[in-house]
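In: turn this into a structure:
(one chain, ligands or ions: 1)
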Amino acid sequence: MQGEILDFLKKSDGYVSGDYISQRLGISRQALWKHIQDLKEIGYQIEAVPHEGYRLLESPDRLFSFEVSHGLQTKFMGRKITYLDRVDSTMNACVRLAMENAPEGAVVIAESQTRGRGRIGRMWESPKYKGVYASFLLRPKLSPAEVPLLTLMTSVSAVTALTRVTGLEPRIKWPNDILIGHRKAAGILTELSAETDRVNFAVIGIGINVNNDRETLLPNATSLKEETGAKVSRLAVVQSLLGEIEKDYVYLRARGPEQMLKKWRALSMTLGRRVKVQGEKRHIEGEALDIDADGALLVRTDSGIREKVYAGDVIHCR
Ligand code: BTN
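Out: Numbering: from 1, shown residues only. Okay, the predicted model is just below:
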């Protein structure tokens, strides 16, 4: 209901009469007044003038679920949203939802994380109201070995969404870092519950630096605000991301891995480059040739041997 009330207020430059809103929504004037009070309490500045109606002066920069879901065009992505002001990690919260039989497309969004995690046991800095920290649940009909496809797919969706919202040209660094120029703006983490031959569910987490200021970022990181020079709407980023993920997931199911890999290759800034790969046990250096449907990077070393790399960190040699 709050989303619908806000919609009336957002669509109008001036006042909207309380009678009009309550009639259209089929609620009493008193119920409307109570909803308006609730909205004010969570930070919306709404002016009420007798005989004129209500006018929205300012909305808080928050990712409330009713804001995210309102106007969302998706069929299943984000149809169930859990919004948290603070959480240890949205990954943990989303796994809990999965265990409680939440539907595919359920999303957990937090304003901050106290133990946000990245790949290879790293931390993901998650300062309050600065970034997007979200995990979503998929129940794919894939074998565990095919799950890297979901991570590749999410990188593609993230690049498309960030391009649409900011006009920038982010690119993917293998395996799933989103870079703008040579700095990282977003990262993706996939966690899995699986049997030997089938996936129970996958939780995919994405962290995006949106309005972080330069001095709070690591030297090799950036934010959308730093790159565009202006504050970026986190709401627009989340909505666009959910839309793109749904489109790409449907596309992956309909067209199969090779078409998705094609999209990934077109957006990759790793392929064709000289790279150093720091794996857990060894380092290799050479030219990044391609990726496989299992997400592995194919590297031709200087001695001409083709190596498949499944995990590790890539350094792009300039
Ligand atoms: C990486 O680049 O190493 C992956 C970073 C993934 C961070 C996101 S933020 C939302 C979700 N919750 C977490 O704890 N991690 C992911």
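
In: for the ligand, what's its nearest residue on the protein.
Out: Closest residue of the chain to the ligand, C-beta to the nearest ligand atom: residue 187 (2.0 Å). All C-beta spots, glycine's among them, are computed from the backbone N, C-alpha and C.

In: need the per-residue pLDDT for residue 124.
Out: With respect to pLDDT, residue 124 has a value of 97.

In: and if you look at residue 142?
Out: pLDDT, residue 142: 88.

In: look up how far residue 218 lies from the closest residue to it other than its chain neighbours.
Out: Nearest non-adjacent residue to residue 142, counting by C-beta to C-beta, 6 or more residues apart in numbering: residue 199, 5.5 Å away. Using C-beta to C-beta, to the nearest Å, residue 199 is found at 33 Å from residue 218.

In: of those two, who's got more company?
Out: Applying other C-beta atoms under 10 Å to residue 199 and residue 218 shows that residue 199 carries more neighbours, namely 20 against 10.

In: now do the strands in the stretch 201-318 of the chain.
Out: Per DSSP state E, counting those that start in this stretch, the stretch 201-318 of the chain carries strands over the ranges 274-278, 283-291, 297-301, 306-309, 313-316.

In: reformat these as a markdown table; add distance to residue 267.
Out: Output for those, formatted as a markdown table (distance: least, C-beta to C-beta, whole Å):
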| stretch | distance to residue 267 |
| --- | --- |
| strand 274-278 | 17 |
| strand 283-291 | 12 |
| strand 297-301 | 15 |
| strand 306-309 | 19 |
| strand 313-316 | 15 |
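
In: show me what the longest helix anywhere in the chain is packed up against.
Out: Longest helix in the chain by number of residues, with DSSP state H as the criterion: helix 234-255. For helix 234-255, the elements it packs on are helix 65-69, strand 131-138, helix 148-166, helix 257-267, judged by 3 or more C-beta pairs under 8 Å, 6 or more residues apart in numbering; DSSP states H and E.

In: using CSV, write out every CA atom in that helix.
Out: Output of helix 234-255 as CSV, limited to C-alpha atoms (Å, rounded to 0.1, in the frame of the first residue of the first chain):
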residue,chain,number,x,y,z
ARG,A,234,20.6,2.9,-5.7
LEU,A,235,17.0,2.2,-6.3
ALA,A,236,17.4,2.5,-10.1
VAL,A,237,20.5,0.2,-9.9
VAL,A,238,18.6,-2.5,-8.0
GLN,A,239,15.5,-2.4,-10.2
SER,A,240,17.5,-2.5,-13.4
LEU,A,241,19.6,-5.3,-12.0
LEU,A,242,16.6,-7.5,-11.1
GLY,A,243,15.1,-6.9,-14.5
GLU,A,244,18.3,-7.8,-16.4
ILE,A,245,18.9,-10.9,-14.2
GLU,A,246,15.5,-12.2,-15.0
LYS,A,247,15.9,-11.6,-18.7
ASP,A,248,19.3,-13.3,-18.8
TYR,A,249,18.1,-16.2,-16.7
VAL,A,250,15.2,-16.8,-19.0
TYR,A,251,17.6,-16.4,-22.0
LEU,A,252,20.0,-18.9,-20.5
ARG,A,253,17.3,-21.5,-20.0
ALA,A,254,15.9,-21.0,-23.5
ARG,A,255,19.1,-20.6,-25.5
